[in-house]
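>>> please work out how this folds:
(one chain, ligands or ions: 1)
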Amino acid sequence: METTHRVFVGDSRDLSAVDDESVELVVTSPPYPMIEMWDDLFTELDPAIGDALAAGDGYDAFEAMHAQLERVWDELERVLVDGGIACINVGDATRSVDGSFRVYPNHARVLEAFEERGFEPLPDVLWRKPANSAAKFMGSGMIPPNAYVTLEHEYILVFRKGARSREFEPRADRRYEAAYFWEERNRWFTDVWTDVTGELQAIDRPADDDLRERSAAYPLEIPYRLICMYSAYGDTVLDPFWGTGTTTLAAMCAGRNSVGSELEDAFLAVFDDGIDEVPALSRSVGRARLERHRAFVDRRRGEGKGFEYEADYYDTPVVTKMERGIRLREVRAVDGIEDGYRVEHAPLSLE
Ligand SMILES: C[S@@+](CC[C@H](N)C(=O)[O-])C[C@H]1O[C@@H](n2cnc3c(N)ncnc32)[C@H](O)[C@@H]1O
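Residues are numbered from 1 along each chain as shown. Predicted coordinates for the structure are as follows:
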């Protein structure tokens, strides 16, 4: 099996390089409005944003930043197939503007924008970033009532384009082979992820401190899970805020096609520097899933519970009939092509 991964340097407010209804899943994390590290970028997209911030008008700046993101959401509506899913990772911002501290609820604003475009919201996920600052309560003091809660969670908002889910031909292999294990389902489809450890780290991070800071990359585990949850083999995953390419890396490991667009060309070179590590990474991701499944089998047997089914491709029992066809894949080879990569996949090797 082969997949392709296209990456463009460009502004995702215009995604004309991506055809209408050619994408089954979007997994992305935009720059978060009202988080200071993105002020300059938003001001480049619309100079009125810098003016609003300088004038101490936080709400106007917030609205104007979302207006820029909305132009990308318009494009998602165009390129997604009916029933396709969009997963948007976003955090709220807290900020003092003109002496007034408040929260800017990005998640609520993004949700509203997607609903206006005919997307149906599905249950979302909250996840907690692995690293917390020891100094997080500094400044809030020990006396009521003027201290504020520290935001440590982010949202993964999930939307379906239109009212109807995608349909597949009966017993489609590309869907059944992409099944996940029962215990993975129980962890992944839970609404609060406290187990994103960041251990499953992407291959390479920018060596340049400034570039690393600007990347705001999410852990590989986030897009990898979402891709396994909401797409089948052969599908195409889009990330219009590509950054260091974590979504593409996850798509490669998960055996899906991908397409991405990113303003900063420096990130593409960093991704390319780590490309040789993808086959080993994909193998370790697949093997780790099987090992965790085997540990689950041992625990369950230890509790005196049995299994009714055997996996077709692995020497292991499974809980449900639907998991029998699971077939994990690994990357065998990656070749550069004009606008990205062609990847050759094979069934996961076990030795
Ligand atoms: C939060 S980061 C995404 C990080 C990414 N998920 C990763 O794991 O590296 C947002 C990225 O979107 C890019 N960006 C912002 N506005 C953009 C636009 N209009 N078109 C394309 N890329 C944009 C920024 O340069 C930044 O790299």
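>>> secondary structure element for Asp82, which one?
Asp82 belongs to strand 80-90 when assigned by DSSP states H and E.
>>> looking at that strand now, give me its mean pLDDT.
Mean per-residue pLDDT for strand 80-90: 98.
>>> kindly report the same for stretch 327-339.
Averaged over stretch 327-339, pLDDT sits at 97.
>>> pull out the buried positions in it.
Using 16 or more other C-beta atoms under 10 Å as the test for burial, stretch 327-339 gives 327-331, 334. From N, CA and C alone the C-beta is placed, and that goes for glycine too.
>>> could you see whether the ligand lies near stretch 31-49?
Yes: Stretch 31-49 is in contact with the ligand by C-beta under 6 Å from any ligand atom, via 31, 41.
>>> about what we covered before: can you redo the buried residues of stretch 327-339 as JSON lines with distance to Glu120?
JSON lines is the format used below for the buried residues of stretch 327-339 (distance: C-beta to C-beta, whole Å):
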{"residue": "Arg327", "distance to Glu120": "31"}
{"residue": "Leu328", "distance to Glu120": "31"}
{"residue": "Arg329", "distance to Glu120": "31"}
{"residue": "Glu330", "distance to Glu120": "35"}
{"residue": "Val331", "distance to Glu120": "34"}
{"residue": "Val334", "distance to Glu120": "36"}
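>>> where does this structure come near the ligand, residue by residue?
Residues of the chain found near the ligand (C-beta under 6 Å from any ligand atom) are 11-13, 29-31, 41, 215-218, 241, 243-244, 246, 261-264.
>>> swap in 5 Å and give it another go.
11-12, 29, 31, 215-218, 241, 243-244, 246, 262-264 (C-beta under 5 Å from any ligand atom).
>>> show me those that map onto helices.
Judged by DSSP state H, those include 215, 246 as members of helices.
>>> of the residues of the chain next to the ligand, just the buried ones, PyMOL syntax please.
Buried members of the residues of the chain next to the ligand, defined by 16+ other C-beta under 10 Å, are picked up in PyMOL with:
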select buried, resi 11+12+29+31+215+216+217+218+241+243+244+246+262+263
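>>> and the two most separated of the residues of the chain next to the ligand?
Asp11 and Tyr218 (21.2 Å; C-beta to C-beta).
>>> now stretch 108-115: average pLDDT?
98.
>>> tell me who's in contact with the residue of the stretch 101-250 of the chain found nearest the ligand.
Residue of the stretch 101-250 of the chain nearest the ligand, by C-beta to the nearest ligand atom: Gly243 (2.6 Å). Residues in contact with Gly243 (C-beta atoms under 8 Å, 6 or more residues apart in numbering) are 29, 215-217, 262, 267.
>>> what's the lowest-pLDDT member of those?
Within these, Ser215 has the lowest pLDDT, namely 79.
>>> centroid residue for this protein?
Pro223 (3.4 Å; C-alpha atoms, centre = their mean).
>>> nearest spatial neighbour of that residue, chain-adjacent residues omitted?
Spatially, and ignoring its direct neighbours in sequence, Pro223 is nearest to Ala250 (3.8 Å; C-beta to C-beta, 6 or more residues apart in numbering).
>>> any idea which element that neighbour lies in?
Remark: Ala250 resides in helix 246-254, with elements defined by DSSP H and E.
>>> gap between that helix and the chain center?
Using C-alpha atoms, centre = their mean, to the nearest Å, the mean C-alpha position of helix 246-254 is found 10 Å from that of the whole chain.
>>> does anything pack onto it? Which helices or strands?
Applying 3 or more C-beta pairs under 8 Å, 6 or more residues apart in numbering; DSSP states H and E, one finds that helix 246-254 contacts strand 2-9, strand 23-28, helix 221-230, strand 236-239, strand 257-262, helix 278-302, strand 329-337.
>>> wait, Lys161 touches Val81, no?
Yes: counting by C-beta atoms under 8 Å, Lys161 touches Val81, with 7.2 Å between them.
>>> and the gap between Pro121 and Val158?
7 Å (C-beta to C-beta, to the nearest Å).
>>> which of the two has more neighbours?
Applying other C-beta atoms under 10 Å to Pro121 and Val158 shows that Val158 carries more neighbours, namely 20 against 13.
>>> and Asp339, how far from Gly260?
On the measure of C-beta to C-beta, Asp339 and Gly260 end up 10 Å apart.
>>> next, the buried residues of the helix holding Ala250.
For helix 246-254, a neighbour-count test (16+ other C-beta under 10 Å) marks 246-254 as buried.
>>> give me the angle between that helix and strand 23-28.
Computed with axes from the mean of the first three to the mean of the last three C-alpha atoms, to 10 degrees, the direction of helix 246-254 lies at 130 degrees from that of strand 23-28.
>>> quick revisit: which residues does the helix or strand just after the strand holding Asp82 contact?
As assigned by DSSP H and E, the chain's next helix or strand after strand 80-90 is strand 93-97. Strand 93-97 is contacted from outside by 32-36, 53, 56-58, 61, 101-104, 106, 148, 151, using C-beta under 8 Å, 6+ apart.
>>> just stretch 310-327 next, same as before
173, 176-183, 290, 293-294, 297, 307-309, 347-348, 350.
>>> which other helices and strands does the worst-scoring helix or strand of the chain on mean pLDDT contact?
Here the helix or strand of the chain ranked lowest by mean pLDDT, DSSP states H and E is helix 209-215, holding a mean of 71. In this structure, helix 209-215 makes packing contacts with helix 266-273, judged by 3+ C-beta pairs under 8 Å, 6+ apart.
>>> the helix it packs on: how far from the chain's middle?
For helix 266-273, the distance to the chain centre is 19 Å (C-alpha atoms, centre = their mean).
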